[in-house]
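**Student:** Sequence plus the predicted model coming up.
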Amino acid sequence: MTTRDDRFETDDGTAAFMAMLMEHRHRLYAFIAKQLVNPADVEDVFQKTSVVLWKKMHDFDTGGSFFHWACGIAFNEVRNFLTVQRRSRLHFNIELLEMMAREAVEEDSLAELRLGALRHCLRDLSERQQTLLQQCYAGAESITEVAQQLGRERTSLYKQLARLREKLLACIRLRLAQEGTPS
Amino acid sequence: MSHDPLNQHIDALIHGTITEAEHQWLQSRLQNDAAARKLFRERMDLEAGLRTWAADSDLVPQLTARDALAGKRGWFASGWHIAWMALAASILSMVVWWTWTPERDLPQQAEQPAGQPAGQPAEALSLRPETTAPVLGKWVAQANGVWQQPPALADGRFKAGLLKLESGAAELRFDSGTIVVLEGPCELMVNTADSAQLLAGTVYVNVTEVSNGFLLATPESQIIDDGTQYAVSVDSETTEVHVFDGSVIWTSIDADADFEDRIATGESRRYLRSQPGRPRRIPFGQRQFVKRIDEEVRQAGGGELLAYDGFENLAGQIRRDRSGFGWSGGWESARAGRGPLGEVIAAPSDVVFGKDRSGRRLLSLQGGESLRRRFEEAIESQSDKTLFVSLLMTRQSTSEREGEGQAGGIQVVLEPESASPRFTRRHSVSFGVTSDGRLFLNNSGTIDETATSLPIGEPHLFVLMYQADSNTTTAHLRVYRVGEPVDATQPTVWTVSGTPSNGPAKFVALRLSLGTRATAQIDELRVSDSWKAAVDLAN
């Protein structure tokens, strides 16, 4: 019988861990985003969480849910982050964060479906619209900076992004409804 | 665009333009309205999905040297997304780094560049003419390293100069205490024992606690450590800095650019060479992270080591959770949270009980110091599960004064969970040395001692065996002197056999305490559920 330790004491253990981290990476990122919102903060905590998960991979009960285990560690990292590093930015209080973290875990399957639907909906956008979203979401620049780079009015870009988001949300809701999932 | 205040405030929160009053309104609404929270979650799923989608789409050009590393591993060749291949390759890099045990793995290659035939004499590999450059430290060769320009060597020690590593990895252990790991392809100009310039590629820098600091220059900046582990990547346009522990200060070498950036644990920055005063965050999926942990010992323990501290802690104090595994946080003073925490010092260059301590560290404790470290999870003994606690202890000289009866004692204490200090004290299990040098074992208040004294100034291997069943707890102590063979399996004869007691089955912390006149050196602290893992110090 392969025990938990057997599995994780080998190179294959690292591979198994990586497979699980990769499988759940987007959902874990979304889980942290629901609490911290700011992309730079989310990425810092996501990175720390990944390192902690890796360091603690021997503690993971392979019979349990990797995502739920990872969310528990991610939430601790969110709390540490808020305690230590980011007093200057506006953040929700801990009671609300705990409530949202709990509900996010409960709603995990819906979040996963949303992410899957989003990928489909993005394909329905024009190439120009996809490029614009990539320019606004891939880099480290703010919307104002992207507007400057594109030689566009900031307000105009905000409005266009808002329309694209509304379109994507509508598309996601429609796809989920068609699949019989209430959004 | 939505004109609903909830949506507007969520938009403002996402764009970072929300005011404090709006934030309070939004927080209150979310706290009291489940439907609002559902909308918020939906919106954040969209935002997160767009971030990860865009980052994944944007990453294709980022993959360069890491592809080669990925290609060497079979499991990597699956259809995983390209963005995460970079991340996974970084983790493989970590594995490569921590599984380097050059003293164990490749002693014969210590003075020859990897990539050359292994059997070739070192003299034949005289790679560069001897120079008069100063010797700066020890070069640790790696099996997978292929050099374009290897370091100039003298007796296995490297000199100042330019190094070009084509592929694989290499480690430089500076005499100043700093460790620099190169990941090929990499070009590094080593200047002095505490400075180098990264011209291209990636290095991982570990400024250990014995180091006075390290200055790493890049084409546009200087990176000054503040007690840290960090990695730096330089390519033709950018420099990336990733800090894993501690912090660094990034300064531009442009005298006109009055800019300084402090990067703390977990943070990373990208600096464009064209705009050095303007750091960029590094988006999701594009970060590489590397961290060395005590994986090597953990793996050697075969999963039977529950907690370990070799006191090889990096770049700081033991208060910070930097060394070992199986603990929850670092060491803390057991004296109401205040007081000194000992000192991590260089271990003697000896081999004791199969453990080569050259270049290693240990914990030096002075009179009156008492420190505690909590386990990550409570450790438990059952009828079918025996606990072992082992450590190397060197009792230093004591200057006993009249009237200071317990002042020279040294205790290692397993503590149960309790809010009551009195309960904890009465139900702890401890062992150690009395003021007059006799070994003792305290099984929850039942004390046994030896008649003979422990010599001063010699390291001894202490091993506690502890077992709890439904009614009684059993404790035994075995102490080995240097040169004495260590039993391969659990012995039947003990140095101190404890009287059975009714102690606890579960412990939450370990404490090291010295009397006011005692001094001691502690090393290789292990908590395990097997005899072998407790005494097999060679691994």
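**Tutor:** Cool, the structure landed. Not measured: the values here are computed from a predicted model.

**Student:** which helices and strands sit right next to the longest strand belonging to chain B?
**Tutor:** In chain B, with assignment by DSSP state E, the single longest strand is strand B:178-192. Judged by 3 or more C-beta pairs under 8 Å, 6 or more residues apart in numbering or on different chains; DSSP states H and E, the packing partners of strand B:178-192 are helix B:65-71, strand B:161-167, strand B:169-174, strand B:195-207. In short, each C-beta sits where N, CA and C put it, glycine included.

**Student:** what do you get if the cut-off is 6 Å, keeping everything else the same?
**Tutor:** strand B:161-167, strand B:169-174, strand B:195-207 (3 or more C-beta pairs under 6 Å, 6 or more residues apart in numbering or on different chains; DSSP states H and E).

**Student:** so that strand versus strand B:195-207, what angle?
**Tutor:** 170 degrees (axes from the mean of the first three to the mean of the last three C-alpha atoms, to 10 degrees).

**Student:** buried sites along whichever strand or helix holds residue A:174?
**Tutor:** Residue A:174 belongs to helix A:154-178 when assigned by DSSP states H and E. Across helix A:154-178, burial judged by 16 or more other C-beta atoms under 10 Å in any protein chain shown covers A:157-158, A:161, A:164-165, A:168-169, A:171-173, A:175-176.

**Student:** Ok, stretch A:43-57 next?
**Tutor:** Neighbour-count burial for stretch A:43-57 flags A:43-54, A:57 (criterion: 16+ other C-beta under 10 Å).

**Student:** which of those come close to chain B?
**Tutor:** A:43-44, A:47-48, A:51 (C-beta under 6 Å from any C-beta of the partner chain).

**Student:** Among these, which one lies nearest to residue B:262?
**Tutor:** The closest of these to residue B:262 turns out to be residue A:44 (C-beta to C-beta; 14.1 Å).

**Student:** wait, is the closest one part of a helix?
**Tutor:** Yes - under DSSP: H, G, I helix; E, B strand; the rest coil, residue A:44 falls within a helix.

**Student:** Need the pLDDT of it.
**Tutor:** Per-residue pLDDT puts residue A:44 at 80.

**Student:** cool, and residue A:72?
**Tutor:** At residue A:72, pLDDT is 91.

**Student:** Can you give me the neighbour number for it?
**Tutor:** 12 (other C-beta atoms under 10 Å in any protein chain shown).

**Student:** does it sit in a helix, a strand or a coil?
**Tutor:** Residue A:72 is classified as helix under three-state DSSP.

**Student:** repeat for residue A:81
**Tutor:** Assignment for residue A:81 (three-state DSSP): helix.

**Student:** show me the contacts for it.
**Tutor:** By C-beta atoms under 6 Å, 6 or more residues apart in numbering or on different chains, the contact set of residue A:81 is residue A:45.

**Student:** quick one on the thing from earlier: tell me the one of the buried residues of stretch A:43-57 nearest chain B?
**Tutor:** residue A:48 (4.3 Å; C-beta to the nearest C-beta).

**Student:** in a helix, that's where the closest one is, yeah?
**Tutor:** Yes - counting by three-state DSSP, residue A:48 falls inside a helix.

**Student:** From chain A, how far out is residue B:261?
**Tutor:** 14 Å (C-beta to the nearest C-beta, to the nearest Å).

**Student:** do residue B:168 as well
**Tutor:** Taken as C-beta to the nearest C-beta, the span from residue B:168 to chain A is 17 Å.

**Student:** okay, and the helix or strand of chain A with the least pLDDT?
**Tutor:** helix A:4-8 (a mean of 36; mean pLDDT, DSSP states H and E).

**Student:** mind checking the SS state of the nearest residue to residue A:134 once chain neighbours are set aside?
**Tutor:** On the basis of C-beta to C-beta, 6 or more residues apart in numbering or on different chains, the spatially nearest residue to residue A:134 that is not a chain neighbour turns out to be residue B:54, at 4.7 Å. Following three-state DSSP, the label given to residue B:54 is helix.

**Student:** Tell me how far residue B:54 lies from residue A:135.
**Tutor:** 8 Å (C-beta to C-beta, to the nearest Å).

**Student:** Check residue B:501 too.
**Tutor:** In terms of C-beta to C-beta, residue B:501 sits 70 Å off from residue A:135.

**Student:** for residue B:434, same thing?
**Tutor:** Taken as C-beta to C-beta, the span from residue B:434 to residue A:135 is 72 Å.

**Student:** Now do residue A:94 against chain B, distance only.
**Tutor:** In terms of C-beta to the nearest C-beta, residue A:94 sits 11 Å off from chain B.

**Student:** List the residues that contact residue B:514.
**Tutor:** Residue B:514 makes contact with B:365, B:369, B:410, according to C-beta under 6 Å, 6+ apart.

**Student:** Does it have any beta-bridge partners, and if so which?
**Tutor:** On the basis of DSSP bridges, residue B:514 takes part in beta bridges with residue B:410.

**Student:** May I ask you to confirm that residue A:61 belongs to a strand?
**Tutor:** No - counting by three-state DSSP, residue A:61 is not found in a strand; it is coil.

**Student:** how many neighbours does it have?
**Tutor:** 9.

**Student:** thinking again about what came up before, residue B:54 and residue A:135: which is more packed in?
**Tutor:** Higher neighbour count among residue B:54 and residue A:135: residue B:54, with 22 against 18, using other C-beta under 10 Å.

**Student:** Skipping its backbone neighbours, what lies nearest residue B:326 in space?
**Tutor:** Residue B:326 sits nearest to residue B:307 (C-beta to C-beta, 6+ apart), 3.0 Å away.

**Student:** Equivalent analysis for residue B:522, please.
**Tutor:** Using C-beta to C-beta, 6+ apart, the closest residue to residue B:522 is residue B:363 (4.5 Å).

**Student:** Surely the one you found and residue B:324 touch.
**Tutor:** No - Residue B:363 is not in contact with residue B:324 according to C-beta atoms under 6 Å; the separation is 11.0 Å.

**Student:** What's the per-residue pLDDT of residue 119 here?
**Tutor:** All of this is about chain A. Reported pLDDT for residue A:119: 90.

**Student:** wrong chain, I was asking about chain B
**Tutor:** pLDDT, residue B:119: 31.

**Student:** do residue B:371 as well
**Tutor:** 90.

**Student:** Contacts only, for it.
**Tutor:** Taking C-beta under 6 Å, 6+ apart, one finds B:331, B:333-334, B:341, B:512 in contact with residue B:371.

**Student:** Could you chop chain B up by domain?
**Tutor:** Per the record, chain B has its domains at B:5-58, B:87-280, B:295-535, by automatic domain parsing.

**Student:** interface residues of chain A facing chain B?
**Tutor:** A:5, A:9, A:14-15, A:18, A:22, A:26, A:29-30, A:33-34, A:37, A:40, A:43-44, A:47-48, A:51, A:55, A:90, A:92, A:96, A:111, A:114-115, A:118, A:134, A:137-138, A:140, A:162.
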